[in-house]
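In: structure for this input, please:
(chains A, B and C)
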Amino acid sequence: MGSAVITFLTDYGLSDPFVGVCHGVITTRCPQARIIDLSHGIPPQDVRAGATALARALPYMPLGVVLAVVDPGVGGARRGVAIRAGAGHLLVGPDNGLLWPAALAAGGAQAAVDLSGSRFVLDPVSATFHGRDVFAPVAAALAGGAELQDAGSPIDPASLVVLEPLAPVVEAHALRAWVVAIDRFGNLELAATLSELDAAGIARGGPVLVEAGGRPRPAHAGRTFSDVAAGELLLYEDSGGALSLAVSCGSAAQQLSVATGDEIRISTP
Amino acid sequence: MGSAVITFLTDYGLSDPFVGVCHGVITTRCPQARIIDLSHGIPPQDVRAGATALARALPYMPLGVVLAVVDPGVGGARRGVAIRAGAGHLLVGPDNGLLWPAALAAGGAQAAVDLSGSRFVLDPVSATFHGRDVFAPVAAALAGGAELQDAGSPIDPASLVVLEPLAPVVEAHALRAWVVAIDRFGNLELAATLSELDAAGIARGGPVLVEAGGRPRPAHAGRTFSDVAAGELLLYEDSGGALSLAVSCGSAAQQLSVATGDEIRISTP
Amino acid sequence: MGSAVITFLTDYGLSDPFVGVCHGVITTRCPQARIIDLSHGIPPQDVRAGATALARALPYMPLGVVLAVVDPGVGGARRGVAIRAGAGHLLVGPDNGLLWPAALAAGGAQAAVDLSGSRFVLDPVSATFHGRDVFAPVAAALAGGAELQDAGSPIDPASLVVLEPLAPVVEAHALRAWVVAIDRFGNLELAATLSELDAAGIARGGPVLVEAGGRPRPAHAGRTFSDVAAGELLLYEDSGGALSLAVSCGSAAQQLSVATGDEIRISTP
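Out: Next comes the predicted model:
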């Protein structure tokens, strides 16, 4: 491990000192580590949203350690794990599906260890803050050059928890997909891609209908926000490759009154 | 360029991974760059608020690269630019007026380049996230020592987009000014200065009237929050030189029920 | 001072550029300083909440400089101070009780200086932003190796302002305690510890009653969130040693409709 970069993602938010305390633990244990705060705004306890955001961001992050904590089962039976994936990323966090899509995006899990009884954890380990007591110090040790096998007991990567994907439903001239994330601008990220739009036989570059809980609304299948007038609805491929909905100079989430987990139906007018 | 500091300002917020992904791109391209997150809380797509905040903060930032993105026109016709200003700041972002006041504050634009087709951008460039694909990698290259002229095609600095200023209206014993920003404490920053208060013949150090949408309220023209009792209204010069309104141990925004863009009238009682 | 780490805590929030501007001042004055943003989400002007958060986090932070600003009295009569505490922490901020519990946690205040007229402050010093103009540059100087006595005029550590603690009330088989903080997950931190629960004769590991403004509700005195079913109330020792209330996969703050400063009564069923 030449790299001392730690990419850090949680659902801790930034109002409380949780993130800062983890930075303190890492900096104490590995002063040369550089921490990139990828996001701490994952909706509380939303493992799937964290997993999706992490996997989509990973190609833009430097090779190194990934520390990810969205952990509703903290202190319970779920395992803590560290995983070597693809070309050399080391992923640290709870084994609840959070790390799996990132491991896949990095090239697949090559090796993994269970962190129970790891020599690197703080003493004592609290029952409710494993980000501070388990995952941060393990990430610091790996960033400092420790070997994966020294961080815990070897486990079969095939035993890691996997979340089943949220597949869209392709119909004749219609596509139904879930809203997986809503960003600050009110843009809706759907669990679908352009290829599924194509599979449904819905043409790009023209008018489509978008339906969220009842009334279908006209939208334009385009490329960027300025393809439609202010206040109008745009269906586009977002910067991470997901089919998305936006309102130019406005909020699609507000205009359509939808929340994460809602279903959207896109069809030919 | 000896400096590897990048001052980073956006309207991306911190709930989504946008800022973290830009950090990833910068750190991958220029590991020695140090990034200062000036603010990512500019109100969404509010170019003027971003421009004002950036220009007022710049005197306190180390000489180096400024990466600023408030970009409602992303993917459309607006240019991406890099500007050399004053004593050596290099400003990178969309050419929509966002960078101009900072360039002016730094001593004026000396040279500028259009970033279309820049050798430093990511491949491919998405239609909706030029912060990640264009501006961050260009900022990283400049922080790493690349020359401005190598970042794009030269353009005339006089062709850069300028936002017209929001001038206050000076009347006899009254001053009307816009609310340009509201901070976390509910303090209101006005588009006016003490010299305009003086020009209106309103005395400092005594009582004034403040009117926001109807009823005038008594306030004190003072120096700091403790100059008035808890719950009372203070007119003062804020730490950036703007005329401002605060409520001691309270929120002026709530007490006056105003929002950014509203007009305030200050007068002699 | 070998260490150049500055632990930074404020009530500035992250929407405005206040924190970023302080980073700019520090980085300009002491480029080698590493800043850990412990939290900037202390409720506005809540000195006690800031003091509690800082003292509880300090054991996890690297030895170095602590820069803390929650400062409703800025520009008024309160002193600015720097304190050497315990094994070598240097604490910088307003003398309003904010730093005292951290100094105590670090081993007690050994020496202190008043920062009025400090050679390290910016010129001019504004009336309303001492974080930028006084505390950040003093912290930068100390992180860069300046001696405490060079930062200001010596004062008696015994003269530093102390906040009286919020003691819980132990009754027969009941404990009354204040809510001192509510985190992002809606968990309630109480101004009480397990030893006071024991003193009240309330057994751990079984059912208890929790009362907030009227109706008592059943809860379980346990160890971690998964000890109760989703939606049920848990009384536990949090990761900082405080007695706390949580709702598994939910929000105790919402379920109990309480805010910081409210009183909670815990009793035997």
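
In: so for the helix or strand hosting A:H23, mean pLDDT?
Out: In this assignment (DSSP states H and E), A:H23 forms part of helix A:18-29. Helix A:18-29 shows a mean pLDDT of 98.

In: residue in the stretch 151-269 of chain A nearest to chain C?
Out: Residue nearest to chain C within the stretch 151-269 of chain A: A:R184 (11.6 Å; C-beta to the nearest C-beta). For the C-beta atoms, the positions are set from N, CA and C on the backbone; glycine is no exception.

In: one step back: near chain B at all, the helix holding A:H23?
Out: No: using C-beta under 8 Å from any C-beta of the partner chain, helix A:18-29 never reaches chain B; the gap is at least 10.5 Å.

In: hang on, the earlier thing: can you tell me how far the residue of the stretch 151-269 of chain A closest to chain C is from chain B?
Out: 4 Å (C-beta to the nearest C-beta, to the nearest Å).

In: count of neighbours near that residue?
Out: 17 (other C-beta atoms under 10 Å in any protein chain shown).

In: what does A:R217 give?
Out: 14.

In: what mean pLDDT would you report for the helix or strand hosting it?
Out: According to DSSP H and E, A:R217 maps onto strand A:216-221. Averaged over strand A:216-221, pLDDT sits at 96.

In: isn't A:G201 up against A:A172?
Out: Yes: in this structure, A:G201 is within contact of A:A172 by C-beta atoms under 8 Å, at 7.0 Å.

In: what packs against the helix holding A:H23?
Out: strand A:5-10, strand A:34-39, helix A:136-143, strand C:5-10, strand C:34-39, helix C:47-57 (3 or more C-beta pairs under 8 Å, 6 or more residues apart in numbering or on different chains; DSSP states H and E).

In: buried residues in it?
Out: Residues of helix A:18-29 classed as buried: A:F18, A:V19, A:G20, A:V21, A:C22, A:H23, A:G24, A:V25, A:I26, A:T27, A:T28, A:R29 (neighbour count, 16 or more other C-beta atoms under 10 Å in any protein chain shown).

In: wait, A:T27 touches C:I6, no?
Out: No: if you go by C-beta under 8 Å, A:T27 and C:I6 don't touch, sitting 10.9 Å apart.

In: now do the shared contacts for the two.
Out: C:R34, C:I36 (C-beta atoms under 8 Å, 6 or more residues apart in numbering or on different chains).

In: give me the distance between A:V113 and chain B.
Out: 25 Å.

In: and that residue, what does it touch?
Out: So A:V113 contacts A:V81, A:A82, A:L148, A:Q149, A:A151, A:G152, A:S153, A:P154, A:I155 (C-beta under 8 Å, 6+ apart).

In: let's go with 6 Å and repeat that
Out: By C-beta atoms under 6 Å, 6 or more residues apart in numbering or on different chains, the contact set of A:V113 is A:A82, A:A151, A:G152, A:S153, A:P154.

In: how near is A:P216 to B:P165?
Out: A:P216 is 45 Å from B:P165, where distance means C-beta to C-beta, to the nearest Å.

In: can you check A:F185 too?
Out: Counting by C-beta to C-beta - A:F185 and B:P165 are separated by 27 Å.

In: so which of these two has more stuff around it?
Out: A:F185 (22 against 10).

In: surely A:A55 touches A:L99?
Out: No: taking contacts as C-beta atoms under 6 Å, A:A55 lies outside contact range of A:L99: 9.2 Å.

In: need the contact list for A:L243.
Out: Applying C-beta under 6 Å, 6+ apart, the residues near A:L243 are A:L190, A:A192, A:T193.

In: quick one, strands of the stretch 51-200 of chain A?
Out: A:65-69, A:80-85, A:89-94, A:109-114, A:153-155, A:169-171, A:174-182, A:188-190 (DSSP state E, counting those that start in this stretch).

In: please name every helix or strand in contact with the fifth one.
Out: It refers to strand A:153-155. strand A:109-114 (3 or more C-beta pairs under 6 Å, 6 or more residues apart in numbering or on different chains; DSSP states H and E).

In: next structured bit after the strand it packs on?
Out: Counting by DSSP H and E, what follows strand A:109-114 is helix A:130.

In: identify the residues contacting that following helix?
Out: A:V74.

In: next one: stretch A:195-210
Out: Counting by C-beta under 6 Å, 6+ apart, A:168, A:170, A:173, A:175, A:216-217, A:219, A:221, A:235, A:266-269 sit against stretch A:195-210.

In: in it, what counts as buried?
Out: Here stretch A:195-210 shows A:E196, A:L197, A:A200, A:I202, A:V208, A:L209, A:V210 as buried, counting by 16+ other C-beta under 10 Å.

In: for the residue nearest to A:L14 when sequence neighbours are not counted, give me its contacts.
Out: Leaving aside its sequence neighbours, A:L14 sits nearest to A:H40 (C-beta to C-beta, 6 or more residues apart in numbering or on different chains; 5.5 Å). By C-beta under 6 Å, 6+ apart, the residues touching A:H40 are A:T10, A:Y12, A:G13, A:L14, A:V19.

In: same check, this time on A:A33
Out: Neighbours of A:A33 in contact, by C-beta under 6 Å, 6+ apart: A:A4, A:I6, A:I26, A:A143.

In: so A:L115 sits against A:R78, correct?
Out: No: with contact defined as C-beta under 6 Å, A:L115 and A:R78 do not form a contacting pair (11.1 Å).
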